[in-house]
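> fold the stuff below for me.
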Amino acid sequence: MGIIVDFIAYITSFCLGLCDWLGASVLRNDLFFTDPHFDELRALKCEELMLSDIPFNHASFWTSVNVSRRHELEGVSNGLAYAVFELSGPSPAASVLQFDESSVFRAQIVVPGTCSDAEDLGDLEVLSLLCKPILQVAILLPATGDVGFGTRRKELAIPLCTHVSNAAFTACVMLQAPFYGQRRPKMWKGKTSLPTVDALFAQSTGIVVEARMLAAMCMDLLGMRRVAFAGSSYGGAMATLAGLTYHRNAGVCSRCGCDSPMVPFTSHKSVLSTGVDWSVQDRANLLKMLSPMSVFALLEFANSRKTRRVGIFLDARHDHFVLKEPAEALVRGFSMAENSVVLDRLQLIGGHGTALFGYFSSHKTFISSIRRVLECIE
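Modelled structure (predicted):
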């Protein structure tokens, strides 16, 4: 009987995984890397930023950042109220993001609780007040194509914030990726594709250094004690890079992430490769250009941090975007960093799409994994 059940589960997962290829038609409508030009100087600057300590200016941070409360997004879930604030300000990666729109970081923070006496307080004062009892924060990073905040806020942030884990409240910060939404240069076509390979370097650098900045904000200015970086797909890779290079102990939770964006873009077997303009790009050259973005390239810097990290990694059983080898390489790279412990590896039913859209309790498994990571940070 058990063999039959396992066989049915395998066939179901296999068939769901084939749905990943439906995304190929969408990718072809908004191709990546349509410009063969590669700015080597920009790529080198990205590496320098990723592998450096960018000072966090405690004294002037709030004077340069705009905080606005989004009353229309607030509500009650699981019997607990939550508040939503939007943050924007100068990006620490502005030098490589280049465009004015992209050089302003944008994020939302969801916190449990409400403030009934807020009429006489500014939005920053209300945020600081609500954060006083909060001990931990999850930094939720965007996947490829995750243009705004809505999906992460609804499916991940609100459930995390309205659940008390081991008597600890959790806040969630969602970062908008450079070159998405309001941060997309007006001259660019499409919604999510990137015209050049060095733009992918800049986007990744922006996500990682901004995520580290937001984590420092939560810990140094809002008084939180534990931080975990979490994300799905591309966001899972970025969460791992941010966790490895953060200057304090941290947690990492990746769902369907890989060791580097280079493999999904360059592998014949990955759906994501169908989104590349191969009329102007060469696979071998693209692989060479993207190689410095691997988690393995960050290990020396990660080891210099002398920090402790814990991680949980979730993979889809029949993923046609992130294949088995790069998914395993992400876990191997993380575990190779000193004082990094893989708490668990979990397998989700279906493919990349079914995992990211939350089918078969994927969201619940991801949320519980983020909670577990936060609880295990020393």
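
> the helices in the stretch 101-250 of the chain, which residues?
Using DSSP state H, counting those that start in this stretch, the helices of the stretch 101-250 of the chain run over residues 123-131, 150-152, 158-161, 197-216, 234-245.

> now for the first one, which elements pack on it?
Contacting helix 123-131 under the criterion 3 or more C-beta pairs under 8 Å, 6 or more residues apart in numbering; DSSP states H and E are the following elements: strand 66-69, strand 80-90, strand 104-112. From N, CA and C alone the C-beta is placed, and that goes for glycine too.

> can you tell me which of those is most buried?
Comparing the helices and strands packed on helix 123-131 by mean neighbour count (mean count of other C-beta atoms under 10 Å), strand 104-112 comes out on top with a mean of 24.

> any idea how far M213 is from P55?
Plainly put, P55 is 10 Å away from M213 if you go by C-beta to C-beta, to the nearest Å.

> neighbour count: these two, which is higher?
M213 (22 against 8; other C-beta atoms under 10 Å).

> ok, M219 - contacts?
Listed by C-beta atoms under 8 Å, 6 or more residues apart in numbering, the contact partners of M219 are V137, R225, V227, R248.

> mind pulling up the pLDDT for the first one?
Translated: V137. At V137, the model reports a pLDDT of 97.

> surely it is in contact with A211?
No: the criterion here is C-beta atoms under 8 Å, and V137 misses it with A211 at 11.1 Å.

> quick one: the residue nearest the centre of the chain and L44, what's the gap?
Nearest residue to the geometric centre of the chain (C-alpha atoms, centre = their mean): L141, 2.2 Å. Using C-beta to C-beta, we find L141 at a distance of 24 Å from L44.

> any regions of the stretch 101-250 of the chain where pLDDT drops low?
Within the stretch 101-250 of the chain, the ranges that satisfy pLDDT under 70 run 116-119, 165-167.

> distance of G148 from L73?
12 Å.

> pick out whichever of those two has more residues nearby.
A direct count of neighbours by other C-beta under 10 Å for G148 and L73 places L73 higher, at 18 against 15.

> coming back round to it: quick one: which of the contacts of M219 is most hemmed in?
V137 (29 neighbours).

> how about it, what does it touch?
T170, A171, C172, V173, A215, C218, M219, M224, R226, V227, A228.

> just I134 next, same as before
I134 neighbours (C-beta under 8 Å, 6+ apart): V111, P112, F169, T170, A171, L222, G223, M224.

> and the first one, how far from F105?
In other words, V111. 19 Å.

> cool, and F38?
Taking C-beta to C-beta, one finds F38 at 25 Å from F105.

> what does L51 give?
Counting by C-beta to C-beta - L51 and F105 are separated by 20 Å.

> correct me, but E101 touches M187?
No: with contact defined as C-beta under 8 Å, E101 does not count as touching M187 (9.9 Å).

> more crowded one of these two?
Using other C-beta under 10 Å, the more surrounded residue of E101 and M187 is E101, with 17 against 8.

> list the contacts for the residue nearest to F99 when sequence neighbours are not counted?
Of all residues not flanking F99 in the chain, P185 sits nearest, at 4.3 Å (C-beta to C-beta, 6 or more residues apart in numbering). With contact taken as C-beta under 8 Å, 6+ apart, P185 is in contact with F99, E101, S102, F179.

> cool, and T144?
Counted by C-beta under 8 Å, 6+ apart, T144 has contacts T192, S233, Y234, L272.

> redo that, cut-off 6 Å
Counting by C-beta atoms under 6 Å, 6 or more residues apart in numbering, T144 touches S233, Y234.

> count of residues packed around H71?
9.

> tell me the pLDDT at it?
For H71, the pLDDT comes out at 89.

> what of the one 3 residues further on?
Confidence per residue is given as pLDDT, and for E74 that number is 92.

> repeat that for H37.
88.

> distance of it from A250?
Using C-beta to C-beta, we find H37 at a distance of 36 Å from A250.

> so which of the two has more stuff around it?
Neighbour totals were compared for H37 and A250, and A250 leads with 29 against 10 (other C-beta under 10 Å).

> once you drop chain neighbours, what's closest to that one?
Nearest to A250 is G243, by C-beta to C-beta, 6+ apart, at 4.6 Å.
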